[in-house]
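> Got a sequence here, can you model it:
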Amino acid sequence: MKYIIGVDGGATKTEAVAYSLEDQEIGSGYSGFGNILLNFDEAVKNIINAIQQCINSLKEQNRPGECLGIYLGIAGIEVSDNIEKVETLLKEEFYCKVLGLHDSQLAHAAILKGEDGIITISGTGSVSYGLFKGKQARTGGWGHILGDEGSGYAIALAAFKRMTLEEDAGWVRSELTQTIMSKLNSDQVNDIKEFIYSASKGEIAAFTSIVVELAKAAEINSVNLLKQAGKDLAIMTERLYKKLGINESINIGVSGSILSKVDIVREEFKSCLERDLESVNIIAEDVSATQGACYLHRKIIGQD
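Below you'll find the model as predicted:
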């Protein structure tokens, strides 16, 4: 049996999935963060671990087969010579074709199947990537210090900033503030500094779940934070639309836990785009970015 492996590595987790040449999922593996800008050595270790788990799952099914290629969609891989370094390390480890791409490119292939269009991703981080008439470009994807507007990290950080505003202004503590403080087992807003300046990106982003749950109960601060995230993601997408010189109807795919699963964010995102752009078709298919490996493999084989 011959197969390929798609790997999606972000700021929180790495997913590796094996696919048959008929695009059927046949094995999988999961590990920690794959964003190599957070920690190159640790991220590569997690990527290798997820791939090895995937291969081991095939062996456990008595389907070891031959891996024809590993297609990586990794946050941060486009920086410096990271693509070459990561590809070399994985070729030495797994002895097969390895192609390193930014995670947005893999997700684009998975959702838009090689067609022109834009994909906007919002999970722990955020980015937009597009292809249009042979031209490709990206907006966002600057990471949590320089950007990541509309991401899980940005939403959580905005919630913490709301807490500091309430404290400085002497306002009555909102339900949002009270819920976060309860989660941190603290009754002093000042204590959030210790958490914020010592926590990882993923640990901070995890507090987005509190915002989402409170928004479902109509807590106004939480609703506003999620709507702002939708607006920010739409702005990032509109910038890419203009950057690519698009002036016609276009498919815009969404991916990542925030845009795919948080209705308030996605609805605000869609509303802004429909208001500001000529014509858009939002594709919110629930598909793993790793499926992009199937399209990319066929494309590469066709070029060989």
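
> what helix or strand is the nearest residue to residue 184 once chain neighbours are set aside on?
Once flanking residues are discounted, residue 184 sits nearest to residue 195: 6.0 Å by C-beta to C-beta, 6 or more residues apart in numbering. Glycine gets a C-beta too; all of them are placed from N, C-alpha and C. If you go by DSSP states H and E, residue 195 is part of helix 192-196.

> buried sites along that helix?
Residues of helix 192-196 classed as buried by neighbour count (16 or more other C-beta atoms under 10 Å): 192, 195.

> And it, what does it pack against?
Identification of packing neighbours for helix 192-196 by 3 or more C-beta pairs under 8 Å, 6 or more residues apart in numbering; DSSP states H and E yields helix 152-169.

> export the very next helix or strand once past the helix it packs on as CSV, just CAs?
Moving toward the C-terminus from helix 152-169, the next helix or strand (DSSP H and E) is helix 175-183. Written as CSV, here are the backbone C-alpha positions of helix 175-183 (Å, rounded to 0.1, in the frame of the first residue of the first chain):
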residue,chain,number,x,y,z
GLU,A,175,-19.2,38.9,34.5
LEU,A,176,-16.3,38.4,32.1
THR,A,177,-13.8,39.7,34.7
GLN,A,178,-15.3,37.7,37.5
THR,A,179,-15.3,34.5,35.5
ILE,A,180,-11.6,34.9,34.4
MET,A,181,-10.6,35.7,38.0
SER,A,182,-12.4,32.6,39.2
LYS,A,183,-10.5,30.5,36.6
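
> Give me the residues contacting helix 175-183.
159-160, 162-163, 166, 173, 187-189, 191-192, 207, 210-211, 214, 219, 221-222 (C-beta atoms under 8 Å, 6 or more residues apart in numbering).

> how about 6 Å then?
For helix 175-183, the external contacting residues (C-beta atoms under 6 Å, 6 or more residues apart in numbering) are 163, 166, 210, 214, 219, 221-222.

> Out of those, who's the most crowded?
Highest neighbour count within the contacts of helix 175-183, by other C-beta atoms under 10 Å: residue 222, with 26 neighbours.

> what ranges do the helices span in the stretch 151-300 of the chain?
Secondary structure of the stretch 151-300 of the chain (DSSP state H, counting those that start in this stretch): helices at 152-169, 175-183, 192-196, 201-205, 208-216, 220-243, 257-261, 263-276, 292-303.

> Comparing those, which yields the minimum mean pLDDT?
Among the helices of the stretch 151-300 of the chain, helix 292-303 carries the lowest mean pLDDT, at a mean of 85.

> domains for the protein, by residue range?
Following automatic domain parsing, one finds the domains of the chain at 2-101, 140-283.

> In TSV: these, plus distance to residue 119.
Below are those laid out as TSV (distance: least, C-beta to C-beta, whole Å):
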stretch	distance to residue 119
domain 2-101	11
domain 140-283	4
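
> Fine by me, thanks again.
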